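S.K.: heads up, no residue letters with this:
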């Protein structure tokens, strides 16, 4: 997967968005693909899962590393959390 191809979220089908990788991250890519669809079932289910399993008010968004193709959750604490790092 290169940065020209825009992947779709496997949970909702929305186009994923480039998100700036934090400076002190262990990810080597300069950005991650993230699903910022607030209606994504992965994100919506995450609120209940995190409260039941961790007793915290948080969720996660689906993330993919463009270099490795690895996927996983990107923890968030609100609907707007981390949106300030979206790359236009």
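M.R.: Sure thing, it's come through. Being a predicted model, the structure only gives us computed values, none of them experimental.
S.K.: Specify the local secondary structure of residue 47.
M.R.: Using DSSP: H, G, I helix; E, B strand; the rest coil, the secondary structure recorded for residue 47 is helix.
S.K.: Can you tell me the closest non-neighbouring residue to it?
M.R.: Once flanking residues are discounted, residue 47 sits nearest to residue 59: 4.6 Å by C-beta to C-beta, 6 or more residues apart in numbering. Using the backbone N, CA and C atoms, a C-beta is placed for each residue, glycine as well.
S.K.: all helices for this structure, in order.
M.R.: Remark: helices assigned in the chain by DSSP state H are 41-54.
S.K.: Give me the number of neighbouring residues for residue 17.
M.R.: Other residues near residue 17 number 19, with proximity taken as other C-beta atoms under 10 Å.
S.K.: Distance of it relative to residue 74?
M.R.: For residue 17, the distance to residue 74 (C-beta to C-beta, to the nearest Å) stands at 11 Å.
S.K.: if I look at these two, which residues touch both of them?
M.R.: Residues within reach of residue 17 and of residue 74 at once, by C-beta atoms under 8 Å, 6 or more residues apart in numbering, are residue 34.
S.K.: Just confirm residue 58 contacts residue 74, I think it does.
M.R.: No: the pair residue 58 / residue 74 is not scored as a contact, 11.0 Å apart, by C-beta atoms under 8 Å.
S.K.: Those two - which one has more neighbours?
M.R.: Using other C-beta under 10 Å, the more surrounded residue of residue 58 and residue 74 is residue 74, with 18 against 15.
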